[in-house]
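1. Model the structure of this input:
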Amino acid sequence: MGDVINLNQYRKRRERSKSQRRAAENRARTGRTKEETARERHKAGQASAGLDNKQLSEPSPPEDTPSTG
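-> Have a look, this model is predicted:
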């Protein structure tokens, strides 16, 4: 048989670790200067625009084929 696990303690430990991870991310995000934040937003915008530009569009049907309908 396996070890006995208290599910309440497991749940609380999991929630605590999520909270600590979220707090660390927030500290990293808010502990920066306005310039650093603006630079990161600019880089994210450039990355998003770059992906949008590389997106393939739907191919249009050739004009000489009859349409159905």
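
2. Secondary structure element for Gln20, which one?
-> Assigned by DSSP states H and E, Gln20 belongs to helix 7-30.

3. Just the angle for the helix or strand following that helix relative to helix 7-30, thanks.
-> From helix 7-30 onward toward the C-terminus, using DSSP H and E, the following helix or strand is helix 34-54. Per axes from the mean of the first three to the mean of the last three C-alpha atoms, to 10 degrees, the angle that helix 34-54 makes with helix 7-30 is 100 degrees.

4. Any stretches of the protein with poor pLDDT?
-> Scanning the chain for pLDDT under 70 picks out 1, 55, 59-62, 64-69.

5. go with 80
-> 1-2, 50-69 (pLDDT under 80).

6. Enumerate every residue touching the residue most central in space within it.
-> Centroid-nearest residue in the chain, with C-alpha atoms, centre = their mean: Ala44, separated by 11.1 Å. With contacts taken as C-beta atoms under 8 Å, 6 or more residues apart in numbering, Ala44 has no neighbouring residues. Quick note: C-beta positions are derived from backbone N, CA and C, even for glycine.

7. before we move on, what about Ala38?
-> Going by C-beta under 8 Å, 6+ apart, Ala38 touches no other residue.
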